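> Can you look at this prediction? I've put the sequence above it.
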Amino acid sequence: MSSSESDRDWAEWVAFHLERTGHHVRVEVRDRAPGHNRVHRLDEAVRSSRRTLVVLSPTYLADEALATEWHSAWEADPAGVRRKLVPVRVAECRPEGLLRDLRCIDLVGLDKRLAVARLLDGLDGTRSREGRPRLFPD
């Protein structure tokens with residue numbers, strides 16, 4: 001998972017809920033250790049990971065160094081067929097360029113229960129619960 005240092009709480013919250021459902025999650029700001037080569041670990045993570053989640057916030061978008069993390073995932077699946085790059089928007093912001101065209105899992109303004117549901121549904125590729133039609137409309 002790619003996030004800014006200032007969004008570490010969000011990254012850990014997302015990781016916690018994904019790990020509870022059996023996903024293996026590597027969070028750069030949480031899991032890095034002294035002596036690790038960041039570029040090597042990034043390359044390894046992109047090649048071996050099913051997905052790269054990006055914790056989107058104004059701080060993330062302003063950090064040019066973090067762009068290398070999502071660029072690598074985007075290049076591995078530029079058409080989005082495998083959903084290799086999944087943005088998770090946690091604060092009001094407007095991505096530009098290539099990120100602008102990716103649909104986000106949007107957690108802005110949601111309560112905790114709904115945010116967890118939206119995160120898990122979004123990662124599974126299904127529509128959120130409130131968007132699902134009822135079987136027999138009134």
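Sure, I can see it. Numbers count the residues shown, from 1 in each chain.

> Would you agree residue 53 is in contact with residue 7?
No: between residue 53 and residue 7 there is no contact under Cβ atoms under 8 Å: 11.7 Å. (Glycine included, C-beta is placed from N, CA and C.)

> which of those two has more neighbours?
For residue 53 versus residue 7, neighbours defined as other Cβ atoms under 10 Å are more numerous around residue 53 (26 against 23).

> how about the more buried one, what does it touch?
1, 2, 14, 86, 87, 88, 123 (Cβ atoms under 8 Å, 6 or more residues apart in numbering).

> Please state the offset of the one helix or strand it maps to from the chain centre?
Take DSSP states H and E as the rule and residue 53 turns out to sit in strand 52-56. How far strand 52-56 lies from its chain's middle: 3 Å, per Cα atoms, centre = their mean, to the nearest Å.

> In the chain, where is pLDDT below threshold?
For the chain, applying pLDDT under 70 flags the ranges 126-138.

> in it, which spans are strands?
Under the criterion DSSP state E, strands of the chain are mapped to 52-56, 85-89, 105-106.

> Most tightly packed of those strands?
strand 52-56 (a mean of 27; mean count of other Cβ atoms under 10 Å).

> Neighbours of the nearest residue to residue 107 once chain neighbours are set aside, how many?
Closest residue to residue 107 apart from its sequence neighbours, by Cβ to Cβ, 6 or more residues apart in numbering: residue 115 at 4.6 Å. Residues within reach of residue 115, counting by other Cβ under 10 Å, total 20.

> what's the distance between residue 115 and residue 105?
Using Cβ to Cβ, to the nearest Å, residue 115 is found at 9 Å from residue 105.

> With adjacent residues omitted, what lies nearest to the residue nearest the centre of the chain?
Geometric centre of the chain, nearest residue: residue 53, 2.5 Å, by Cα atoms, centre = their mean. Distances taken as Cβ to Cβ, 6+ apart put residue 1 closest to residue 53, at 4.6 Å, once the chain neighbours are dropped.
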